[in-house]
Structures are given as structure tokens and as C-alpha cells.
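In: here's a sequence, model it:
(one chain, ligands or ions: 2)
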Amino acid sequence: MKRLFCAVLACLLLSGCGWFEQKADVDFWCMDTFMNVKLWGSGAEKAAGELQTMMNDLHTTWSAANEQSLLGKLNVGMEVALTDEQQAVLDRAQALSRRTGGAFDPKMRAVSRAWGFYNLAYRVPEQADIDAALALEQWDLGAAMKGYAGEKAAAYLEQTGVDRGILSLGGNIQTYGEKPDGTPWQIAIQNPYGEDALGIISVQGTKSVVTSGSYQRCFEANGQFYHHILDPETGYPADSGLVSVTVICDEGMTADALSTALFVMGLEDGVEFWRSSDDFEAVFVTEDGGIYATAGVALSGCSYEVIQ
Ligand code: ADP
Ligand code: MG
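Out: Ligands and ions are numbered 1, 2, ... in the order given. Prediction:
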């Protein structure tokens with residue numbers, strides 16, 4: 001009996017030390033991108049499975065490329081009964097569009113399609129096609145949905161026994177919880193000019209870190225470079241002097257939409273926008289290789305200018 005007691009006590013102590021801590025490390029393909037979920041804590045495997053289902057469901061609902069999705073139906077003018085959550089997402093998308101003066105525009109689907117960014121059949125459209133596509137105002141939440149997915153995942157994990165985790169959702173990183181030793185999460189930002197890391201961002205607790213870069217989907221035609229982040233004013237790829245923008249924010253959807261919007265705005269207007277906001281930090285990388293980080297970013301591994 002005494003021996004059994006000692007064995008149980010040893011197990012309890014070891015589990016407290018993390019020896020028996022449950023872990024999950026799951027890779028899958030969703031939202032046209034590679035995703036990875038790493039979780040630690042009670043029920044990690046089950047929670048990772050639930051998150052994979054959540055990502056697939058979000059894709060089914062929100063993919064603008066799918067005619068049967070919610071956005072597919074809205075885009076052909078069908079009457080759709082929206083859930084409270086769906087209405088809230090659409091309202092937030094429109095609020096983010098207003099907040100960014102239209103630089104984040106959740107209705108760019110037809111324009112993206114005109115450039116062939118949807119089916120990777122790249123082409124430079126005629127001006128008349130761009131004008132017609134801009135006028136269509138079709139929903140596309142591709143610039144905000146992975147961020148929303150990260151924030152929804154973090155809210156779900158709050159209700160589980162999982163202590164901490166890190167989700168990689170195709171250029172979007174969502175952290176959840178604190179590491180046991182109190183050290184920050186270390187997140188590499190991709191070097192727009194290569195496969196290596198440009199620098200490392202440290203964040204504490206639950207955060208969303210999202211990068212939008214012109215290198216993510218692009219093509220060359222007639223010696224010109226074209227990429228998938230479009231300026232809603234012109235319908236052309238944003239020519240803002242930036243190659244990537246990373247945003248760090250508590251809300252994933254906001255982080256994602258702002259990374260796209262700041263890319264469209266460019267460094268100068270993006271910095272002004274940051275100065276008039278209090279809910280995010282950002283790292284801007286310019287075409288000439290300059291790196292600029294707002295004052296609240298903990299960035300290491302590269303030299304950069306701090307924006308106050
Ligand atoms: P990614 O989804 O590749 O990580 P973004 O979050 O920046 O990159 O989103 C870019 C996608 O969003 C494009 O592929 C297009 O579908 C759509 N999009 C392009 N320009 C804009 C814009 N100005 N505002 C909102 N969505 C946009
Ligand atoms: Mg985005």
C-alpha cells in the first residue's frame with residue numbers, strides 16, 4: 001500500500017514537472033495553406049483535432065472561391081440567414097475597412113480574380129476589366145480569415161485543459177498562454193528576399209502575429225512584378241514601397257486585416273495610422289531592405305529603426 005502511495009505521489013510530482021504533460025503536434029492543409037498546431041496540456045490531442053475541424057468549417061463557410069459557401073451565396077445576391085457569429089464577422093470586416101480608410105477592403109474578390117490570383121492563372125487584366133471588377137464589390141475575406149481562425153482557436157482553448165500552444169496558419173501565428181518558464185514565444189519573420197528568417201519577434205501570452213508580403217503570391221509579366229495585395233483605389237497591386245508588414249495584436253482578425261491594410265498604405269501613412277491607434281504593433285520591411293519596428297515590438301536578430 002505504501003509502495004502504491006509512493007508511486008502515485010511520484011506520478012503526481014512528475015506530471016507537475018511536465019514529464020507526463022500531454023502534447024499534440026498536428027500538420028494539415030486548410031484554407032489553401034499549410035497549418036500546424038502545437039498544444040501542451042490536458043486533452044491536447046483532442047483539442048488539436050477539434051481545432052482542425054474548426055479550421056475546415058471556417059473554410060467551408062468563408063471561402064469566397066466556393067460558390068456554395070456563405071460568401072459564395074452572398075456574392076450572387078442570394079438571401080442568406082446569418083448566424084450571430086457570421087453577422088459579427090461581416091460587421092467587423094466592414095468596420096476594419098472604415099477604420100483603414102478602405103485600404104483593407106473585404107470586397108475585392110472580382111479584382112483578385114481578374115488578375116488570376118484565385119486560380120493561379122496569372123494575367124495582367126485590361127483597365128476596363130479592372131474597373132468592372134471593382135464595381136462588382138464581391139466579398140472576399142482572404143485577408144482576414146486566417147487571423148479570425150487564430151483568434152477563434154485561442155478562445156476555444158480557453159475552455160479546454162490546454163495550457164499553452166502555438167498555431168501556424170500560413171503566415172499567421174497565433175500563440176496561446178504562457179510558457180511554464182515565463183520566457184516569451186519566439187516567432188521568426190520570413191525574410192522577403194530568401195527562405196531564412198529576417199528576425200525574431202518575442203511575444204508574451206496570447207497574441208496574433210501576422211505577416212502580409214508581396215512575395216507570397218506574385219508573378220512577372222513584361223518585366224513587371226505583380227503581387228496579390230491590391231490597392232482598392234486602383235485595383236492594381238499596391239505599389240507602396242513595402243515588401244512585407246507584420247502586425248502583432250491581441251485580436252487575430254484585426255492583425256490580419258491591418259497587415260494587409262498597412263501594406264497598401266505604405267510606411268509613412270502606416271506609421272501615422274499606428275500613432276493614432278493603441279491596439280497593435282508593426283514591423284515594416286521596405287523594398288530597399290529597410291526594417292522599421294514600432295516602439296512596442298521586441299525584435300532581435302536584425303538591425304532596424306525604431307518608430308516612436
Ligand atoms: P495572405 O492571405 O496571402 O496571407 P493577406 O492577408 O495580405 O495575405 O491577404 C491577401 C488576400 O486578400 C488576397 O489574396 C486577396 O484575396 C485579398 N486582398 C487583396 N488585396 C486586398 C485588400 N486591399 N483588402 C482586403 N483584401 C485584399
Ligand atoms: Mg491579411
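In: going forward, measure contacts and count neighbours with C-alpha atoms only.
Out: OK.
In: next, give phi and psi for Asp32.
Out: phi 60, psi 30 (degrees, to the nearest 10).
In: quickly note the distance from it to Gly142.
Out: Using C-alpha to C-alpha, to the nearest Å, we find Asp32 at a distance of 10 Å from Gly142.
In: now swap in Tyr215 and tell me
Out: In terms of C-alpha to C-alpha, Tyr215 sits 16 Å off from Gly142.
In: try Trp62
Out: 8 Å.
In: same deal with Ala188?
Out: Applying C-alpha to C-alpha to Ala188 and Gly142 gives a distance of 22 Å.
In: what is the neighbour count of the closest residue to Ser63 other than its chain neighbours?
Out: Residue nearest to Ser63 in three dimensions, not counting chain neighbours: Ser69, with 6.2 Å by C-alpha to C-alpha, 6 or more residues apart in numbering. Neighbour count of Ser69, defined by other C-alpha atoms under 10 Å: 17.
In: quick check: phi and psi on Ser69?
Out: Per degrees, to the nearest 10, the backbone of Ser69 is at phi -80, psi 170.
In: tell me who's in contact with it.
Out: The contact partners of Ser69, taken as C-alpha atoms under 8 Å, 6 or more residues apart in numbering, are 60-63.
In: what residue ranges in this structure score low on pLDDT?
Out: Counting by pLDDT under 70, the ranges of the chain that qualify are 1-19.
In: let's see 90
Out: For the chain, the stretches flagged by pLDDT under 90 are 1-21, 118-120, 171, 179-180, 193-195, 215-216.
In: show me the helices in it, by range?
Out: 2-16, 44-62, 70-75, 84-99, 109-114, 127-136, 145-158, 252-265, 267-275 (DSSP state H).
In: looking at the ones you listed, which is buried most?
Out: With neighbours taken as mean count of other C-alpha atoms under 10 Å, the helices of the chain reach their highest mean count in helix 252-265, at a mean of 28.
In: now that one, how far from the centre of its chain.
Out: With C-alpha atoms, centre = their mean, to the nearest Å as the basis, helix 252-265 stands 9 Å off its chain's centre.
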